[in-house]
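Peer 1: Everything below, folded, please.
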Amino acid sequence: YYMHEAKLSGLASGCYTYTLTADTSRNGRFCTARASGEDFNFMAIADTNPGLTDNTELILEQVARKGYDFTVHAGDIQYYSSGLETWASWFPSMQPMLSQGGFFPAIGNHESEKPDEYDAYYTRFFGNSGFEGTSAYYVFDTGGVSFFSLDTEIPLQDGADPAQYDWFAAKLAEKSEAEGYRFSFVYLHRPLITWGDTGSLLTERYLLEPLFEQYNVRLVLQGHMHGYERFTVPLTSRDLTYVTTGGGGGAIGNVDENIDREFCNQRVASGAFNEALWVQVTQTEIKAQAIDQTGTAKDDFTIPLQ
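Peer 2: Now for the predicted structure:
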């Protein structure tokens, strides 16, 4: 693949379509950052594996019909472990998503299956996706909402220089003081809370939740566990919603393998199905639907903002 970069300036807030002059059948759209308080939609997906089945492509087609400004991907973009290398087929398969708007991934464990994969693919295609941070963890803003992508493959503390946790805490504080700031979303790969057949990063969860509460993080999106879960976790002043959106096309796992974990009563919805999360942010609420490959909303929830 050849990569080209075009820098545009002076655009009014909104979405724009484009067509390639070399091939007018190839077209797409992109959206600028929204003004604070302006409504917007986005898609969240994780663990996409277009080489395994056609479920990924079908999900993307269904969610594209609803429309969204951009995609946040909670890691495991493609898999060598499925028995074939799918980077060669990934871009055509993901075209409904890439043509819809921006793509902002988090790093999963399958981004480094081969010795050179992280540099040859992830950072080459998606490095520096945000305007602040690094290729491993970063933040971008739209509509007065900050989106933080964290890397669960490196330690939150005592890892990178500066440590990821220190950067996250400082950047959350900075964003919360900015004019027009409303709240934040966080997305990452390995789940902080799950009943499924993967581990929970409990140490990281208890480290991060005070920051989530202090700086008004309203939704945490996670992957890695191949299925769907939604948790409502009580904080001191309000509830926090966690969603596992790991059914992006890979083989579905056992979403109930660890039902004896201490936070069992906090899971309010789940399912062993492929899906992506379509999210609508308005002035008064966050509305979301888990959409499967048939277009069915398998879960539907609202988070009030006032």
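Peer 1: what stretches of the chain score poorly on pLDDT?
Peer 2: 1, 158-161 (pLDDT under 70).
Peer 1: Now do the strands in the stretch 101-250 of the chain.
Peer 2: 102-105, 132-133, 138-142, 145-149, 183-188, 217-222, 228-234, 239-245 (DSSP state E, counting those that start in this stretch).
Peer 1: Alpha carbons of the third one, as PDB, please.
Peer 2: Right, the one you point to is strand 138-142. Extracted C-alpha coordinates of strand 138-142, given in PDB (Å, rounded to 0.1, in the frame of the first residue of the first chain):
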ATOM      1  CA  TYR A 138      -3.000   9.500  23.000                       C
ATOM      2  CA  VAL A 139      -6.100  11.700  23.200                       C
ATOM      3  CA  PHE A 140      -8.300  13.600  20.700                       C
ATOM      4  CA  ASP A 141     -11.300  15.800  21.200                       C
ATOM      5  CA  THR A 142     -14.600  16.500  19.600                       C
END
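Peer 1: Of the strands of the stretch 101-250 of the chain, which is nearest W195?
Peer 2: Evaluated with C-beta to C-beta, the strands of the stretch 101-250 of the chain place strand 228-234 nearest to W195, the distance being 6.6 Å. Where you see a C-beta, it was placed from the backbone N, CA and C, and this is true even at glycine.
Peer 1: thinking again about what came up before, for I252, which of the strands of the stretch 101-250 of the chain is the nearest?
Peer 2: strand 228-234 (9.3 Å).
Peer 1: in its sheet, what does that closest one sit against?
Peer 2: strand 239-245 (antiparallel), strand 267-271 (antiparallel) (DSSP bridges).
Peer 1: Name the surrounding residues that touch that strand.
Peer 2: 193-196, 209, 239-247, 255, 263, 266-273, 275, 290, 298-299, 301 (C-beta atoms under 8 Å, 6 or more residues apart in numbering).
Peer 1: just to revisit the earlier point, got CSV for the strands paired with strand 228-234, with mean neighbour count too?
Peer 2: CSV is the format used below for these (neighbours: other C-beta atoms under 10 Å):
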stretch, mean neighbour count
strand 239-245, 22
strand 267-271, 17
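Peer 1: To E153, which of these lies closest?
Peer 2: strand 239-245 (17.4 Å).
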